[in-house]
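Undergrad: What follows is a predicted structure for the sequence shown.
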Amino acid sequence: MTTQYSRGRRRAAGPASAPRVAEDFTADRPRDPQREARSRRGPFRQITDFAAASGIGQKAGIALAAAGLVLTVTVPVTGPVMAEPEPGQAASAVSAAPQPEISAEAGAQIDFSRSSVVTQGDPDGKLKQLLSAQSVGSVTRAASAGTLGPPLAQLITASPFGFRVSPITGGTGDFHRGQDFVAQCGTPVMAAASGTVTFAGWHQFGGGNRVVVDHGNGLETTYNHLSSFNVKVGQTVSRGDVVALSGTTGASTGCHLHFEVQVNGEVVDPMGWL
């Protein structure tokens with residue numbers, strides 16, 4: 001029964017109608033636990049689940065908008081996907097994709113024959129290889145060029161190898177056995193290659209103070225008209241070692257260095273080896 005008001009009085013208006021009951025349209029619908037779980041999640045989590053289920057996260061720069069939120073998924077296509085742990089989630093539960101391991105086979109080794117390797121930084125090795133590969137007498141000029149080091153820090157030709165006018169007699173047909181280089185008296189003279197000193201003393205045939213170095217396989221170098229020398233017979237010298245000082249001793253008209261190269265006892269043009 002309901003109550004009505006008339007002129008300040010309350011009176012009954014008749015029996016009250018039964019309350020209307022809303023029809024349940026879902027009564028016959030089967031339950032979907034996953035859908036019910038999604039409905040209880042927040043908008044941000046729903047967007048994340050949707051991106052993971054549909055594969056949208058594999059593309060970079062995709063923006064999703066829902067419930068006033070914008071989610072930008074930027075995932076490298078080729079690299080492993082790195083996940084950040086959610087609050088309360090153990091850090092060990094989130095890890096990157098496993099990386100392939102590269103390991104050498106047990107017992108594997110890389111080796112080569114060092115005796116067959118000769119570099120430009122080993123000029124003595126190049127010279128020894130040249131002399132051991134063939135008879136020194138058959139070595140060509142092209143093969144021997146550059147195998148000996150300079151006997152002076154600066155090479156300036158004063159008189160070449162071969163026939164010339166004698167600076168002492170003035171006669172023609174004088175055979176010059178070596179190469180003369182300009183050098184003030186007292187200039188350091190260096191060994192052209194490693195070897196053993198076989199002569200250090202006075203040369204009676206015009207060489208003055210003379211040093212001879214044997215480089216093996218029939219190759220020798222000589223240094224003449226020296227003011228002094230600081231090596232002795234049997235001493236081993238290395239390429240570039242100072243063996244003497246230049247001078248003008250013996251059959252000489254001025255300070256210079258007379259440099260000779262001998263192959264099996266015969267002189268050859270030094271410029272073919274320097």
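TA: Nice, I can see it. Residues are numbered from 1 along each chain as shown.
Undergrad: alpha carbons only for contacts and neighbour counts from here, please
TA: Fine.
Undergrad: List the contacts of residue 230.
TA: 243-244 (Cα atoms under 8 Å, 6 or more residues apart in numbering).
Undergrad: What is the burial count for residue 180?
TA: Counted with other Cα atoms under 10 Å, the neighbours of residue 180 add up to 21.
Undergrad: Chain neighbours aside, what residue packs nearest to it?
TA: residue 258 (4.5 Å; Cα to Cα, 6 or more residues apart in numbering).
Undergrad: which residues pair with the one you found across the strands?
TA: Beta-bridge pairing of residue 258 under DSSP bridges involves residue 180, residue 224.
Undergrad: per-residue pLDDT, the residue nearest to residue 274 when sequence neighbours are not counted?
TA: Excluding the flanking residues, the one nearest residue 274 by Cα to Cα, 6+ apart is residue 146, at 4.7 Å. According to the prediction, residue 146 has pLDDT 90.
Undergrad: which ones are touching residue 146?
TA: Residues counted as contacts of residue 146 (Cα under 8 Å, 6+ apart) are 272-274.
Undergrad: Neighbour count added to those, as JSON lines?
TA: Shown next, in JSON lines, are the contacts of residue 146 (neighbours: other Cα atoms under 10 Å):
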{"residue": "272", "neighbour count": "16"}
{"residue": "273", "neighbour count": "20"}
{"residue": "274", "neighbour count": "15"}
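Undergrad: which one among these gets closest to residue 191?
TA: Ranked by distance to residue 191 (Cα to Cα), the contacts of residue 146 are led by residue 274 at 12.2 Å.
Undergrad: With respect to residue 225, which of the contacts of residue 146 is nearest?
TA: Using Cα to Cα, residue 274 comes nearest to residue 225 of these, at 20.0 Å.
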